[in-house]
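Colleague: Sequence and predicted structure, then a few things I'm wondering about:
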Amino acid sequence: MTGKRLIRYFFVYGSLLNEELVRHLCPEAQPYALARLENYTREWRGTLTVVPAPKEKVTGAVYQVHPACEWKLDRFEDYPRRYAKKELSVVVLNDDSGENTLRARVYVMNGGEIAKPDENYLTTCLEGARQWGISVDEFFDTMPDAWGNFGRTT
């Protein structure tokens, strides 16, 4: 079996968009592509999760992760207690060859209530979004109206 077969794809959409954080947790992880998870939306439960939502989309990124490093991401995401891992199809956004789909692992929260993130978590997410060229409006647009302008100066 070749090493390439062992590589797993992970779609990230929150704090793991932040390349510095990913390098710290899993130096072997390789950024792969900008991607989109269709028929889902972000939901704030103190930290982010994705939930099914017809006709919605979540722009994020795909990393290539070796299984020997996967456990570090699992620990960071408190898998399996707080987050589950699902295999979902994502659309790879690639200027060279158009749009292709691939199966990627996605961390999805196990329950929880709608809750504001703390400023540090939000900042980490927004920095990551900017690094990948993702509009921060995608994050703010999913916040409840009752939160007003929370985090918009971040």
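Modeller: Received the coordinates, thanks. Numbering: from 1, shown residues only.
Colleague: you'd agree R42 is up against G14?
Modeller: Yes - R42 lies in contact with G14 (C-beta atoms under 8 Å); the separation is 7.4 Å. In short, each C-beta sits where N, CA and C put it, glycine included.
Colleague: what touches both of these two?
Modeller: Overlap of the contact sets of R42 and G14 (by C-beta atoms under 8 Å, 6 or more residues apart in numbering) consists of L48.
Colleague: Okay, and the beta partners of R36?
Modeller: T59, V91 (DSSP bridges).
Colleague: What is the neighbour count of it?
Modeller: Using other C-beta atoms under 10 Å, R36 has 18 other residues around it.
Colleague: Kindly report the same for M109.
Modeller: Neighbours of M109 (other C-beta under 10 Å): 18.
Colleague: And the pLDDT for it?
Modeller: Among the per-residue scores, M109 shows a pLDDT of 98.
Colleague: Next one: it from Y63, what distance?
Modeller: 19 Å (C-beta to C-beta, to the nearest Å).
Colleague: thought Y32 was touching Q64?
Modeller: Yes - between Y32 and Q64 there is a contact under C-beta under 8 Å: 5.0 Å.
Colleague: Need the residues touching each of these two.
Modeller: Taking C-beta under 8 Å, 6+ apart as the contact criterion, the residues that touch both Y32 and Q64 are Y9.
Colleague: can I assume A61 is in contact with P31?
Modeller: Yes - look at A61 against P31 with C-beta under 8 Å: they come within range, at 6.5 Å.
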